[in-house]
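> need a structure here:
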Amino acid sequence: MNAKAIFVTAALCCSVAVHAAEWTITGTVLEKGTQRPVPGATVTLLKGAAVVTDKNGQFLFTVPTAGSYSMTASSLGETATQVVDVIEGAPVPVPTLYLRVQKPMREMVVTAQRAPERVGKSVIGGETLRKLAGSSGDPLRGLQTMPGVASVSGSSAPAVRGSGPEDNVYYVDSLYVSKLFHYGAVSVFNPDLIQDFNLYSAAFGPHFDDATGAVIDVALREPRKDRLGGKVNINMMGADFLVEGPQDTDKSFYFAARRSYVDLLIKQIEEDGVTFQMPDYWDYQGKYLWQVNEANKLALHLHGASDTLNVKVGQNSDLGQQEPVLAGNLALAEDNSVQAVTLDSVLSSSTFNKLVFEHTTDRSSKRIAAAGTFSYSQENLILRDQVRQEIGPGHELSLGGELSNARVKLDADFKNAPCTQFEPNCDLTSATRKRLVEGFSSNSWSLSLQDRKRVLDSLTLVGGVRHSNDGYLHRKYTEPRVGAEWEWSADTLLTAGWGKHNQMPTGEQMIRVFGNTNLDHIRAEHRTVGIQQKVDADWNWKAEAYYKKLSNLVISDPQLNYINAASGKAYGLELLIKKEETDNLSGWFVLNLAKSQRRNDVTGQEFRFQHDQPVNATLVGNYKLSDDWALGMKWNYHSGIPYTPILGTNGTYADGRPIPLYAGVNSGTLPVHHQLDLRLDRNYLFDSWKLNTYFELNDIYQRKNVVGYSYDPTYTRRKPVYDFVLSFAFGVQAEF
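Have a look, this model is predicted:
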């Protein structure tokens, strides 16, 4: 063979060898339905070669020849197989294997998550409550299944330990929000964004704003960072969408919006001469997250919500005859928005800082037939900072400060009938009409300090103080809060807490002309002790006892409109027994035994608080039939709430209407309330998307629960008013 032939033969051999070495198959293993990468999955070729996927779910094989290759991906007992045809001269296939991923079991209450405090605190995850029967997929509607929370008809806002919903303060992602629920009891946040919430029902820490009730601290999850995705949800009340994903390796975002359409399907409901236009609402949420560097994370937040409600009261209706000033059209509207920037910084290995700058706007307007009109707007600028210093093992010192400016505009032309829970007779028709157009600005500030230290191997003490300065009523308060956490054993925790708290009166009670600008703040003193016991991996329980003392409560006054001249107390025992999601069955049982009272310090009259429920029991159960099917139930029982009966009449008003004669305040009791709700979930899983559906049957045995009584114009006949319950609900969600 000559030299030329030898060269050609060698070149061909090398070409074949190089060509054979280039059969490289690069593929990806993704989670079925969500398309999230599956790291650590094992991918096996038909001939036995195996590789493991990297953090991006990617794998690589080199094969010697063209042909058909069967690839099998496996993880945690789940497998997916795909045949790949490698054809000479054609592009190398890029296979994608979709693998069903088993989700880890989630707990309902998790200790020491976003905040280490364990005194008077309950934590619940959004995923757990999204499947709660009767919730229509809204996690925050599950607040009323928690320890210490009384059921409030027609609202999801919680009444906690002898206080009303208006006595709570709400935070979302460390931002103060004034509105957490729409008129229809639906929360104003997209359910899929809610990661969890902390309910502090007593003696909460000094870094929270002033309130005499409870603190509800909601955390929204971060945007997904693997790819662009979204969700579309349709249910009986409305529709919403969510889009989220990364901008690049260190930036991500989400945006969600929702609009109700029940007002388009059901125009109005008429009952006893009163026509209700179905309420309509919309809301939106957005977050832009930027990991600036290893030490700093910047987040931009957008929230907004709006509600509208219209009612027409017939002149000949019972209500129109009892209160002629209400006969006609009633229109209520309110909206709020939040724009904020938060910066989380690691200042050193032991020092952490959170800076918040927040702008909020709240607007409301009312047009109440002949009673008048009312419009209100408030714009707040809030600067908040909190620094945490880890002094040593088990010892943390935190210091917080807040500055806020409120700009208020008010235009009120309305009949002024100062009324509170202490006065049952509140006649608007005979009240004096007053006028006020005003704009003003006020500044407030606060400082807070907390020291959390493990003084013994099993004992942690918490001491704090809050100093607040109100620039409108010109009041200053310095209030201590303390707590103790004693780990009696590895499975048993004892807790105790005590604290003083204050809260401003409501807006209409403080403004001039309609209210009293010399009011003091409402005061509260919280005491609580508790025990938590982990029985095993499946079961645990906790119990807490509490006592709350209230003072400076507001009552009406004929000369000053309102004065601080009432007090109250609340005490009770709460029990939570919980079955974790360690297998197919999960759920919890809550029993609240409580007593709450109010006292008019001028007259000496004592009576039950309007949300007093001596016995309140809730049983929640969920059973996972398979990966695709699940059943849920919720049963609630509570004692009848108090009401004030009307005994007859006592003379007439100047216009000839009879004056109702009331019995003692809240001296009557409504029948007991109980209701059973059921839920069925069915999930459909496809390679690149999934479909989640649910169907709920509410009030299964159709009990007519009484929430009050209405009277005829002569106050000689009454009839019960029943709780409004949708007998069924459903929802469909597509996730891409």
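> any idea which element H303 lies in?
strand 296-313 (DSSP states H and E).
> so what touches the helix or strand just after that strand?
Next helix or strand after strand 296-313 toward the C-terminus (DSSP H and E): helix 318-322. Residues from elsewhere that reach helix 318-322, judged by CB atoms under 8 Å, 6 or more residues apart in numbering: 272-274, 313-315, 326-327, 657, 710-713. Quick note: C-beta positions are derived from backbone N, CA and C, even for glycine.
> recalculate using a threshold of 6 Å.
If you take CB atoms under 6 Å, 6 or more residues apart in numbering as the criterion, helix 318-322 is touched by D272, V274, V313, G314, A327, D712, P713.
> whichever helix or strand comes after that helix: how far from the chain's middle?
Going down the chain from helix 318-322, the next helix or strand is strand 328-348, by DSSP H and E. Centroid separation between strand 328-348 and its chain, computed with CA atoms, centre = their mean, to the nearest Å, is 14 Å.
> what helices or strands is strand 328-348 leaning on?
Under the contact definition 3 or more CB pairs under 6 Å, 6 or more residues apart in numbering; DSSP states H and E, strand 328-348 sits against strand 296-313, strand 351-368.
> go again with 7 Å.
Strand 328-348 sits against strand 175-177, strand 296-313, strand 351-368, with contacts defined as 3 or more CB pairs under 7 Å, 6 or more residues apart in numbering; DSSP states H and E.
> what's the most buried one of those strands?
Highest mean neighbour count of the helices and strands packed on strand 328-348: strand 175-177, a mean of 21 (counted as mean count of other CB atoms under 10 Å).
> for R258, find the nearest of the helices and strands packed on strand 328-348.
Of all those, strand 296-313 sits nearest to R258, with 9.1 Å by CB to CB.
> who wins for proximity to G499 among the helices and strands packed on strand 328-348?
Nearest to G499 among the helices and strands packed on strand 328-348 is strand 175-177; the distance by CB to CB comes to 19.5 Å.
> what lines up beside that closest one in the sheet?
strand 169-172 (antiparallel) (DSSP bridges).
> for the closest residue to A331 other than its chain neighbours, name its beta-bridge partners.
Among residues not flanking A331 along the chain, R367 sits closest, at 4.5 Å (CB to CB, 6 or more residues apart in numbering). On the basis of DSSP bridges, R367 is bridged to A331, T373.
> then D557?
Beta-bridge partners of D557, as defined by DSSP bridges: N561.
> surely it and I563 touch.
Yes. Using CB atoms under 7 Å, D557 is in contact with I563, at 4.5 Å.
> as JSON lines, the helices and strands packed on strand 328-348 with distance to S153 would be great.
Output for these, formatted as JSON lines (distance: least, CB to CB, whole Å):
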{"stretch": "strand 175-177", "distance to S153": "23"}
{"stretch": "strand 296-313", "distance to S153": "17"}
{"stretch": "strand 351-368", "distance to S153": "22"}
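> out of those strands, nearest to K579?
strand 175-177 (32.6 Å).
> after that closest one comes which helix or strand?
Strand 175-177 is succeeded, C-terminally, by strand 194-200 (DSSP H and E).
> on that earlier part again, for ChimeraX, write the selection for the buried entries among the contacts of helix 318-322.
Selection of buried members from these for ChimeraX, criterion 16 or more other CB atoms under 10 Å:
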select :274,313,314,327
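> nearest to A484 among the contacts of helix 318-322?
For these, the nearest to A484 is V274 (53.3 Å; CB to CB).
> about what we covered before: now render the helices and strands packed on strand 328-348 as a markdown table, adding mean pLDDT and distance to T460.
As requested, the helices and strands packed on strand 328-348 are exported to a markdown table (pLDDT from 0 to 100; distance: least, CB to CB, whole Å):
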| stretch | mean pLDDT | distance to T460 |
| --- | --- | --- |
| strand 175-177 | 94 | 28 |
| strand 296-313 | 95 | 28 |
| strand 351-368 | 96 | 19 |
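> of those strands, which is nearest P93?
Short answer: strand 296-313, nearest of the helices and strands packed on strand 328-348 by CB to CB, at 39.8 Å.
> and the strand holding H303, how far out from the chain middle?
14 Å.
> by how many degrees do it and strand 328-348 diverge?
Relative orientation of strand 296-313 versus strand 328-348 (axes from the mean of the first three to the mean of the last three CA atoms, to 10 degrees): 170 degrees.
> with neighbour numbers in mind, choose between D557 and I563.
Remark: of D557 and I563, I563 carries more neighbours, 20 against 14, as counted by other CB atoms under 10 Å.
> return the set of buried residues in the one helix or strand Q450 maps to.
Using DSSP H and E, Q450 sits in strand 432-456. Residues of strand 432-456 classed as buried by neighbour count (16+ other CB under 10 Å): L436, S444, S446, S448, L449, Q450, D451, R452, R454.
> for G120, which non-adjacent residue is closest in space?
A202 (3.8 Å).
> I figured the one you found hits H526, correct?
Yes. Counting by CB under 7 Å, A202 touches H526, with 4.3 Å between them.
> joint contacts of those two?
G497 (CB atoms under 7 Å, 6 or more residues apart in numbering).
> name the helices or strands packed onto the strand holding Q450?
strand 395-416, strand 459-470.
> and the angle for it with strand 395-416?
170 degrees.
> partner strands of strand 432-456 and their direction?
strand 395-416 (antiparallel), strand 459-470 (antiparallel).
> now it, how far from the centre of its chain.
22 Å.
> need the contact list for A80.
Taking CB under 7 Å, 6+ apart, one finds A73, L97, Y98, L99 in contact with A80.
> who does the first one bridge with?
Taking DSSP bridges, one finds V43, A80 as the beta-bridge partners of A73.
> per-residue pLDDT, A115?
A115 carries a pLDDT score of 75 in this model.
> returning to that earlier point: which ones are touching the residue nearest to A331?
L330, A331, T373.
> distance check, the most centrally placed residue in the chain against V218.
The residue lying closest to the centre of the chain (CA atoms, centre = their mean) is L140, at 3.8 Å. Distance of L140 to V218, computed by CB to CB, to the nearest Å: 7 Å.
> give me every residue that touches V86.
Per CB under 7 Å, 6+ apart, neighbours of V86: W23, V63, A66, G67, Y69, V92, P93.
> quick one: secondary structure of the nearest residue to the fifth one once chain neighbours are set aside?
Spelled out, it's Y69. Distances taken as CB to CB, 6+ apart place V84 nearest to Y69, at 4.9 Å, with adjacent residues excluded. V84 carries the three-state label strand when classified by DSSP: H, G, I helix; E, B strand; the rest coil.
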